[in-house]
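Enquirer: Okay, sequence plus prediction incoming.
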Amino acid sequence: MTNAAKFGALSTPHGRVEVNWNRGADGDAADLSIVWREIGGPTVAAAPSYKYGVSIIRDLIPNELGGSVDLTFAASGVSCKIEIPLGVACAETGRPRGAPLKSSSGPSYKGELSES
């Protein structure tokens, strides 16, 4: 969110960020899919220098949660798709599978969030 506000879509008056998530079916599909898309921001550099936050996203999700990350710096905006198998995440936290995900610092959300 900080980078989107400083350098990305939220740094312009008409830019926005769309965040969608859903819980997939059991089987080969990831149980949790999160998609972040920046729209209407300044042109993104073709080869941006990767900072600490990017390395955390790219390393933490696969190595600690067994998930995958597809982070793209397209000229039209940054997008990131994260998939996490909830079975692994639940085992790490001790939360029963299917238990609601809650935030201790704010409200919990279900379904889709889109800021326009």
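Expert: Good, I have the coordinates.

Enquirer: pLDDT weak spots in the chain?
Expert: Within the chain, the segments meeting pLDDT under 70 span 25-30, 46-48, 88-116.

Enquirer: 80 instead, please
Expert: Residues of the chain meeting the criterion pLDDT under 80: 1, 24-30, 46-51, 87-116.

Enquirer: tell me the helices in it, going along the chain?
Expert: Remark: helices assigned in the chain by DSSP state H are 2-6, 52-65, 86-93.

Enquirer: Figure out which of the ones you listed is closest to residue 42.
Expert: Of all the helices of the chain, the one in closest proximity to residue 42, counting by CB to CB, is helix 2-6 (11.0 Å). Every residue, glycine included, has its C-beta placed from N, CA and C.

Enquirer: for the closest one, which positions count as buried?
Expert: Neighbour counts over helix 2-6 (16 or more other CB atoms under 10 Å) mark residue 4 as buried.

Enquirer: Can you name every helix or strand that that helix contacts?
Expert: On a contact count with 3 or more CB pairs under 8 Å, 6 or more residues apart in numbering; DSSP states H and E, helix 2-6 meets no helix or strand.
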